[in-house]
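K.L.:
Structure, please.
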Amino acid sequence: MACLSAGSFASYGRLEKRTHSERRATMKSNIVSVVFALSLAHFALPTTARAGDIFHLRGETAQAFFTRTEGCIVTSVFLAATQGRFQSPPGPGNSQSNAFAGISQYNTCTTTPVMSAFGSRPLPTGAFEVTGRLESATLNTVIRMQNFPSGTTLDLSVALTWTGSGELSHGTNHSHLNSPGLNINNHSSGFSRPAVASGTVSDGSTNHAQGPSAFATIQKTQSGMVTIN
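P.N.:
Residues are numbered from 1 along each chain as shown. Next comes the predicted model:
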């Protein structure tokens, strides 16, 4: 598994020329996705995680962000899949594979949120695969989503392909998640490659992956550490 940072999602591509209120609404919608991405480090940890715990992670991750505007509605969709080895010293560690998704919809005309749905699930063997030197990745799964404003659920059918579109780079990454009663510090080093994600992200009525992704990347964490305080 790989750690995530706000910097990874700071650039989603140049926004089209819009009114001031529309740009502000789009920024709010994007911030929701950034917060969700930072929260993945917490959701990926065991439910028994507690203050003082330290976890070591290594493995592969693919992330994708899609956004579109239809009339007054701005929709932002974030997906991530991870596979790797997880260890809480002095335990022996184990392998895990998981998928995460978030959908945010915002009405720019009424300046009100329409949807904030999130979901995650463990993945069976073969559902998420990374090939070559982070040259491509695929994810095929169905994620049960919880829509928090309404309390309803929906199934998100995902069939995505990531295709590397840039040079492989090496670097280190730091992130911090602070919420009431919980502080998570994340540090990792590894490789990443920018990518383009395409395919289907459907809730049964709408494909939220229409057109190429606004942001996508494939990463490999060689060494990572998460500390909970």
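K.L.:
what helix or strand is the nearest residue to residue 193 once chain neighbours are set aside on?
P.N.:
Nearest non-adjacent residue to residue 193, counting by C-beta to C-beta, 6 or more residues apart in numbering: residue 134, 4.3 Å away. To be clear about C-beta, it is placed using only N, CA and C from the backbone, and glycine gets the same treatment. Assigned by DSSP states H and E, residue 134 belongs to neither a helix nor a strand.
K.L.:
before we move on, what about residue 198?
P.N.:
With DSSP H and E as criterion, residue 198 is part of strand 182-202.
K.L.:
how about the residue nearest to residue 193, what does it touch?
P.N.:
By C-beta atoms under 8 Å, 6 or more residues apart in numbering, the contact set of residue 134 is 60, 164, 168, 191-193, 218-220.
K.L.:
nearest to residue 120, of these?
P.N.:
residue 60 (16.9 Å; C-beta to C-beta).
K.L.:
coming back round to it: for the strand holding residue 198, name the packing helices and strands.
P.N.:
Packing contacts for strand 182-202, counted by 3 or more C-beta pairs under 8 Å, 6 or more residues apart in numbering; DSSP states H and E, involve helix 20-43, strand 54-70, strand 73-87, strand 152-164, strand 169-179, strand 215-228.
K.L.:
Swap in 6 Å and give it another go.
P.N.:
helix 20-43, strand 152-164, strand 169-179, strand 215-228 (3 or more C-beta pairs under 6 Å, 6 or more residues apart in numbering; DSSP states H and E).
K.L.:
Which of those comes out lowest on mean pLDDT?
P.N.:
The minimum mean pLDDT among the helices and strands packed on strand 182-202 belongs to helix 20-43 (a mean of 38).
K.L.:
Show the low-confidence segments of this protein, by residue range.
P.N.:
1-57, 86-88, 175-184, 223-229 (pLDDT under 70).
K.L.:
Most neighbours among the contacts of residue 134, please name it.
P.N.:
residue 218 (30 neighbours; other C-beta atoms under 10 Å).
K.L.:
quick one: that residue from residue 157, how far?
P.N.:
Distance of residue 218 to residue 157, given as C-beta to C-beta, to the nearest Å: 22 Å.
K.L.:
and what of residue 142?
P.N.:
According to C-beta to C-beta, residue 142 stands 5 Å off from residue 157.
K.L.:
Then residue 133?
P.N.:
Residue 133 sits 29 Å away from residue 157, taking C-beta to C-beta as the criterion.
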